[in-house]
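**Q** Sequence and computational prediction follow.
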Amino acid sequence: MPSQPSTAPPTVSAGSNPTRRGGVPVVISWIITRAIMLILAATVEQVATGDVTYYWRKIAALGEVGLAQTLNEYPTPVVWMLSIPYGLGAGTHLGYLIAFVGLMMLLDAAFTWTLWRMAGRRQDAGVTFWIWFVFLMGPLCYLRFDLVPAVLAGLGIVAWRRRPAVTGVLTGVAAAIKLWPALLIFPFTAARRGRRSTLVGFLAAGVVLALISLVTAGLPRLVSP
């Protein structure tokens, strides 16, 4: 009698593991698109660096005017965050610009890697969307700090199913930087599952940061944004 076809699943060699496909295209796409963004920022879109120059001037004057009068159109944690590239850039304008853009690129790369890992080390729709969304937004993504709350909000979405408390904390921190992520607490708590953990994390992060702002800069600075 002829032998019956085997019903065993085909084996996959270590070199062709499907869970690892997509890494090289992701890296290549990211490097090419981000290189184009840097070229545009250094040539035809130099005007977009105005925001970074504004941040640098405000942080440089922080010692003279104090925290209460520095960038008070933004929540207080923004001042702490924008002081990091000032230190990395040795206080110079050019150093600040390079450090700021470098930190934004690292944040972008880290989030792209996180999405790739969460997709099973594949380039799924989420990874593709993020790579091209940032690219089509242009150099402004690296020349403002809006990328920070956006990534925090994205990480909150990624963490929601398994770690709702982490989602709440990330959302609270993001809201303490740009305010708008606070609106995400409504969809995050729409489902009964994880609602309490999400709310506790969100309120804990918000209250702690608000108290620190109150103690270090006073009530007017806390509510000025």
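**A** Thanks, I have the structure now.

**Q** contacting residues around the residue nearest to Leu143 when sequence neighbours are not counted?
**A** For Leu143, the nearest residue in space outside its immediate sequence neighbours is Ala48; the separation is 4.8 Å by C-beta to C-beta, 6 or more residues apart in numbering. Bear in mind the C-beta positions are built from the backbone N, C-alpha and C, glycine included. Remark: with contacts taken as C-beta atoms under 8 Å, 6 or more residues apart in numbering, Ala48 is in contact with 41, 138-140, 143.

**Q** let's go with 10 Å and repeat that
**A** With contact set as C-beta atoms under 10 Å, 6 or more residues apart in numbering, Ala48 has these partners: 40-41, 138-144.

**Q** On the three-state scheme, it is what?
**A** helix (DSSP: H, G, I helix; E, B strand; the rest coil).

**Q** In the protein, which helix is the longest?
**A** When the chain is scanned for its longest helix (criterion: DSSP state H), the result is helix 93-118.

**Q** average pLDDT across that one?
**A** For helix 93-118, the mean per-residue pLDDT is 96.

**Q** packing partners for it?
**A** helix 23-42, helix 50-60, helix 76-88, helix 125-137, helix 147-159 (3 or more C-beta pairs under 10 Å, 6 or more residues apart in numbering; DSSP states H and E).

**Q** now do 6 Å
**A** Applying 3 or more C-beta pairs under 6 Å, 6 or more residues apart in numbering; DSSP states H and E, one finds that helix 93-118 contacts helix 50-60, helix 76-88, helix 125-137, helix 147-159.

**Q** On the C-terminal side of the last one, identify the next helix or strand.
**A** Same thing as helix 147-159. Using DSSP states H and E, the helix or strand that follows helix 147-159 towards the C-terminus is helix 164-178.

**Q** got the angle between that following helix and helix 76-88?
**A** Using axes from the mean of the first three to the mean of the last three C-alpha atoms, to 10 degrees, the direction of helix 164-178 lies 80 degrees away from that of helix 76-88.

**Q** And the contacts of helix 164-178?
**A** With contacts defined as C-beta atoms under 6 Å, 6 or more residues apart in numbering, helix 164-178 is touched by 75, 77-78, 148-149, 152-153, 155-156, 159-160, 181-182, 184-185, 188, 194, 197-198, 201-202, 205-206, 209.

**Q** Buried ones among those residues?
**A** The neighbour-count test (16 or more other C-beta atoms under 10 Å) applied to the contacts of helix 164-178 identifies 75, 77-78, 148-149, 152-153, 155-156, 159-160, 181, 184-185, 188, 194, 197-198, 201-202, 205-206, 209 as buried.

**Q** show me the contacts for the most centrally placed residue in the chain.
**A** In the chain, the C-alpha closest to the average C-alpha coordinate belongs to Val151, at a distance of 2.5 Å (C-alpha atoms, centre = their mean). Val151 sits next to 107, 111 when contact means C-beta under 6 Å, 6+ apart.
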